[in-house]
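Q: What shape does this take:
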Amino acid sequence: MVTEQQVWSALQEVFDPEIPVNIVDLGLVYGVMVDGDNVHVKMTMTAPGCPMHSFITRDAKQKIEKVPDVKDVVVELVWEPRWTPERLTEAGRKALGWG
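A: Got it, this is the predicted structure:
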């Protein structure tokens with residue numbers, strides 16, 4: 001059985017190539033829903049024009065697909081609410097030298 005924690009752990013392995021912080025600590029992941037062996041993730045980017053959006057969402061999907069028993073993954077890119085630096089975790093702030 002797939003757990004939400006397994007998905008969050010997989011997402012911590014996804015990095016924005018322009019920022020050396022994983023997408024969880026950047027606060028880009030808005031939600032994870034697990035329904036049996038199906039996973040749906042809602043996430044955003046730091047800016048709407050982010051040129052790396054397809055790379056990051058594809059990497060997130062591939063990392064989640066490696067979680068045992070996952071059959072289907074949907075990574076939905078959303079723009080509302082907009083990302084702000086307040087979404088950074090404490091670890092993200094430290095990694096960026098902001099904390």
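Q: For this protein, which segments count as helices?
A: According to DSSP state H, the chain carries its helices in the segments 4-11, 53-65, 90-95.
Q: May I see the buried residues of the longest one?
A: The neighbour-count criterion (16 or more other CB atoms under 10 Å) identifies 53, 56-57, 59-61, 63-64 as the buried residues of helix 53-65. All C-beta atoms are positioned from the backbone trio N, CA, C, and that covers glycine.
Q: May I see the residues you listed organised as CSV, with distance to Lys94 and pLDDT added?
A: Formatted as CSV, the buried residues of helix 53-65 follow (distance: CB to CB, whole Å; pLDDT from 0 to 100):
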residue, distance to Lys94, pLDDT
His53, 25, 93
Ile56, 21, 97
Thr57, 26, 97
Asp59, 23, 98
Ala60, 23, 98
Lys61, 28, 98
Lys63, 23, 98
Ile64, 26, 98
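Q: So for Asp35, which of the helices of the chain sits nearest?
A: For those, distance to Asp35 was read as CB to CB. The smallest value, 10.7 Å, belongs to helix 4-11.
Q: Next, the angle from that closest one to helix 53-65.
A: Using axes from the mean of the first three to the mean of the last three CA atoms, to 10 degrees, one finds that helix 4-11 and helix 53-65 are set 130 degrees apart in direction.
Q: burial count for Asp16?
A: By other CB atoms under 10 Å, 19 other residues sit near Asp16.
Q: Pretty sure it sits against Thr57.
A: No: Asp16 lies out of contact with Thr57 (CB atoms under 8 Å); the separation is 11.2 Å.
Q: can you give me how far the helix or strand bottoming out on mean pLDDT in the chain is from the chain middle?
A: Of all regular secondary-structure elements in the chain, judged by mean pLDDT, DSSP states H and E, the least confident is helix 90-95 with a mean of 95. Average the C-alpha atoms of helix 90-95, do the same for its chain, and the two points are 16 Å apart (CA atoms, centre = their mean, to the nearest Å).
Q: Flag every buried residue along it.
A: By neighbour count on 16+ other CB under 10 Å, the buried set for helix 90-95 is 92, 95.
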